[in-house]
Structures are given as C-alpha cells and as structure tokens.
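Visitor: need a structure here:
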Amino acid sequence: MKNIWLVLGIVLLLGAGGYMGYSYFFPENTTSIPDNSGIAETPALDELPELTPQTTATGAAVSTPKPTQEKVIIATENTTPGNDTADNFIRQGKDFLAAGKFIEAREAFAKANQSDPITVYYLGLMGSYFGERQASENYLKSLGTLPNSDVKLTQNAQKVLDAYTVFDTYQDGRQEFLAALVAKQFLVIGEIDLAIGKMEYVLSKVPNYIDVSTLLGSAYLIKGNYEKAISIFTKSLPNDRPEVYYWLGIAHFYQQNYNKAIGSFQLALNKGYKPQFKPHEKMADSYVALANFEQAVVEYEAAINTTDGSKYIDLYIRPVWVLIDKLRDPNRALAMANQAVLKHPDSAMAYNLLGWSYVVLGNYEQGKIALDRALSLDATLAAVHLNMGNYYRAQNNLVQAKSSYEQAILYDKSGSIARAARNLLKSIEGEVQIQGAAQSGSVVSGNI
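Guide: Alright, predicted model coming up:
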C-alpha cells in the first residue's frame, strides 16, 4: 500500500496491523505480474510512554510514583464513538472538538439527548477536560447503569476514571500531573483533539514537562501533522526516551525524509528501544523506499533475529517479497521461507511464503504441496488463494486460477491482495472464457 499516514496507524500508530502488501513475479516461462512499488504498509506507532510526575525547580520529586509495567496501545481516531450518530448536537460537538473550540463543544453536547449514552460520555469527557473531576466522574460512572450503553463507551470511560485512580496513588500530586494523566487517557481512547488541547494547556503551565511534550508530538503524529510532530520531538532532544527517536523516525518516514528516518530509528535502537524489531523493520521499509533492497533485506533479517521479532511470522513477508520481486533472487526467498516454516510450523502464512517461493522457482509440485498445507491451516487466508491462483496460472489452468483469485477477493475484499487478484483476473479474462468453453466442449463430446 502506498504510504500516506495516518495510522496512525502511531497509530500510526496507528501498525498495523498488517504486512500484506504483495506483488508477484513469475518465472520466465509464464506471464510477468506488474510490480507493486507500494509494498510498504502504513506502520503503526506502538506504545505510549509512562508518565512520571513533574519535579520542582530544585529537582525534588513532587510525587512518589507507583511502579507499573503496563504499556498501552494508542487507539485510532476512527474508533471514537458518535461518528455515525443521528443527533445533530453530538455531531456539532465533535466538529467543535476538531476545531479546538472546547467551550462550544461542551455547549453542543449539553443540548444533545441527555438519555443518550454518547451524550453522557462526552459530557463526562468535557468535565475531565475542564478539570471538573466530580462532574466528570458522575457522568462517566453513570454509563455503566444505562441500559443501552455500549461496551466500548464504558471501557473508554473507565480508562479516564483510571487516570483519577492513578493520581490518587501519589502523595501531594500536582494538578498538572493529573491533567497530564487525563490527556494521556484521551490519547489512549482515540480522543486526539481533546488530548492535544489538554496537553497544550499543561505545557502552558509547565513548559519543560518532557513527558507531556512527548505525548503531544505523538498526538500530532496521529493527526498526520508530521511537521508539527517533528518540531515538537526535535525540541525535546537530546532525550532519554528511545520512543521519541522512534516516533521522530516515523514522522520523517511519512515526510519521505528516509535518510533522516533511518538515522532516527538507529538512535532509537542505540537508546534501547523495545521491542527491538520495530526500528529494524522501519529502517528496512525506509531502505525499500530508497530502492536499497539489499540493505532492506539486511534490516528485515535483523528484525526477525531479535528476541521479540522471532515471534512474528508477518516479519517474513516483506523480505520474501523484496527477494522475489525486487532482487529477483527466489532461492534466497526460499531459504527465508523455509526458516519461517521451521520457526512457525503451525503458521499458514509460513507455508504460503514457502509455496510462493517454490512457484516462482518453477517447482510447482512442491509449491502446490506447501500451498495446500497453508489452506489446511487457514482456508480464509487471502494470500494463499492468490498464490494458488498464480500456481494454476503457471499450469495454464486458467479456469481454476480464476476461481482462486475470486477466493482471494472474497477473503480480502478491498485490501492489497484483493487488488492484485482483480488485476490478475482482468489480465486472464478473455483467455479464461476461451479455455472454459474448450473444456466444456470436450466434456460434451466425451459424453456423446
């Protein structure tokens, strides 16, 4: 998929969860498949940093933190409730939020249907935004008692309530710290505009609050305002938080400043970013964008060989694609696919990569065996059906190839696999009709 971002997808973050961008290359005795230069998927920002209490000018801690190992995944904007509501006041309120008009937003929500859980939810969030804790808690806690309240609403509400719980575990916590905790939870539940407004307020009171500026940069990253994110992250350097360098790399990546992205990802590694495979993977994506495919494979392999990366079969997809489609080295692709099967023996994707590599090499017997194994493990994996279609096409069985491509579309619908399958269907459409008619004629003749 062509890079854009904004998944966020931080959200970017917003990733992503997929490495399913494919492009295929056939042996010389078959028809070549057009290259897909947009292989790099929209990545996702991963973990929010833990907030620590702001210190006084003398350096003494204002609060005594309660240790926690919890990491949170940043939500995307489109997960926020009320996007499809019929209540005009709720929609107006959300429009005001997007415009940074928070007073007007609260007034709009106050005019909405008070029995609607979405109204109660946003009134609770607005109370949190304006520092009205009691009112906020009353609204957010009442969601659990409403008969028609959505589970997602109550879960999001509880995350905001958790900010108050965490704050209460600190001694003499400053209100700026509470505001920072609330802002972080706004970010977690996908209320990016509220998060930005709250964090900018905190920074107006405590300009050097590094934790908050870090979160603010990630919020602008989610919004797709990469220049603003880069500016905020850069001003915080040097920084002990490795994720700052990682997110700075993401922002540079989406600005197509790939060399700067690579430098930032390397600094994230040097600073001890976890999980380690992420910066390696993103450096590899950057090298792909720079058409330095050999170095891309090196970084993909480095990602796979990290302790955390070895757990993810999806990390094998892009390097196999690069080896087949860009470096035209299917033997190395086969070796990597075999490694994937060895490490992930129960993975349909691993056998799919193995079958793909065999088909490209022209070893159709082993390719079919591997793809059949993949389907036995997951008959809904669209990539397997696409590669099975490629196998049948290489065998000149266009009718069966058509069927496989249609299955790929069925299971992927509007993704990159489905797009590739549709293109392949168009390329063989006329031949399929001729071959199908010929096969039908031979059957009739045989019956006679």
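
Visitor: Low-confidence regions, the stretch 151-300 of the chain specifically.
Guide: Along the stretch 151-300 of the chain, the model assigns pLDDT under 70 to residues 171-172.

Visitor: again, only this time at 90
Guide: The stretch 151-300 of the chain contains residues with pLDDT under 90 at 151-152, 169-174, 207-211, 222-223, 236, 239-241.

Visitor: where along it do the helices fall?
Guide: If DSSP state H, counting those that start in this stretch is used as the criterion, the helices of the stretch 151-300 of the chain fall at 151-168, 175-188, 192-205, 210-223, 226-235, 242-254, 258-270, 277-289, 293-304.

Visitor: Columns mean neighbour count and distance to Ser357 on top of those, output as JSON lines?
Guide: Using the backbone N, CA and C atoms, a C-beta is placed for each residue, glycine as well. Converted to JSON lines, the helices of the stretch 151-300 of the chain look like this (neighbours: other Cβ atoms under 10 Å; distance: least, Cβ to Cβ, whole Å):
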{"stretch": "helix 151-168", "mean neighbour count": "18", "distance to Ser357": "42"}
{"stretch": "helix 175-188", "mean neighbour count": "24", "distance to Ser357": "40"}
{"stretch": "helix 192-205", "mean neighbour count": "21", "distance to Ser357": "42"}
{"stretch": "helix 210-223", "mean neighbour count": "25", "distance to Ser357": "36"}
{"stretch": "helix 226-235", "mean neighbour count": "19", "distance to Ser357": "36"}
{"stretch": "helix 242-254", "mean neighbour count": "26", "distance to Ser357": "28"}
{"stretch": "helix 258-270", "mean neighbour count": "20", "distance to Ser357": "28"}
{"stretch": "helix 277-289", "mean neighbour count": "25", "distance to Ser357": "19"}
{"stretch": "helix 293-304", "mean neighbour count": "21", "distance to Ser357": "14"}
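
Visitor: Need the ones you listed in TSV (columns: distance to Pro319).
Guide: Formatted as TSV, the helices of the stretch 151-300 of the chain follow (distance: least, Cβ to Cβ, whole Å):
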stretch	distance to Pro319
helix 151-168	37
helix 175-188	32
helix 192-205	33
helix 210-223	26
helix 226-235	27
helix 242-254	18
helix 258-270	17
helix 277-289	8
helix 293-304	4
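
Visitor: wait, which of these is closest to Asn423?
Guide: With Cβ to Cβ as the criterion, Asn423 lies closest to helix 277-289 of the helices of the stretch 151-300 of the chain, at 20.9 Å.

Visitor: Mind giving me the packing neighbours of that closest one?
Guide: helix 242-254, helix 258-270, helix 293-304, helix 317-321 (3 or more Cβ pairs under 8 Å, 6 or more residues apart in numbering; DSSP states H and E).

Visitor: Throw these into TSV and include distance to Gly355, thanks.
Guide: Shown next, in TSV, are the helices and strands packed on helix 277-289 (distance: least, Cβ to Cβ, whole Å):
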stretch	distance to Gly355
helix 242-254	31
helix 258-270	32
helix 293-304	19
helix 317-321	11
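
Visitor: can you tell me which of those helices comes nearest to Leu203?
Guide: Per Cβ to Cβ, nearest to Leu203 of the helices and strands packed on helix 277-289: helix 242-254, 15.3 Å.

Visitor: And for Gln255, the neighbour number?
Guide: Residues within reach of Gln255, counting by other Cβ atoms under 10 Å, total 15.

Visitor: what do you get for Leu425?
Guide: 17.

Visitor: surely it meets Gln407?
Guide: No: counting by Cβ atoms under 8 Å, Leu425 does not reach Gln407; the two are 11.4 Å apart.

Visitor: The nearest residue to Ile230 once chain neighbours are set aside and Leu143, how far apart?
Guide: What sits nearest to Ile230 in space, not counting adjacent residues and going by Cβ to Cβ, 6 or more residues apart in numbering, is Ala251, at 4.8 Å. From Ala251 across to Leu143, the span is 35 Å (Cβ to Cβ, to the nearest Å).

Visitor: Repeat that for Asn270.
Guide: 45 Å.

Visitor: cool, Glu406 as well?
Guide: Counting by Cβ to Cβ - Glu406 and Leu143 are separated by 44 Å.

Visitor: neighbour-wise, which of those two wins?
Guide: Leu143 (21 against 14).

Visitor: what's the distance between the more buried one and Ile90?
Guide: 15 Å.

Visitor: Trp247 too?
Guide: On the measure of Cβ to Cβ, Trp247 and Ile90 end up 32 Å apart.

Visitor: same thing with Met126?
Guide: 12 Å.

Visitor: Quickly list what's touching both of these two.
Guide: Here Met126 and Ile90 have Phe109 as joint contacts, going by Cβ atoms under 8 Å, 6 or more residues apart in numbering.
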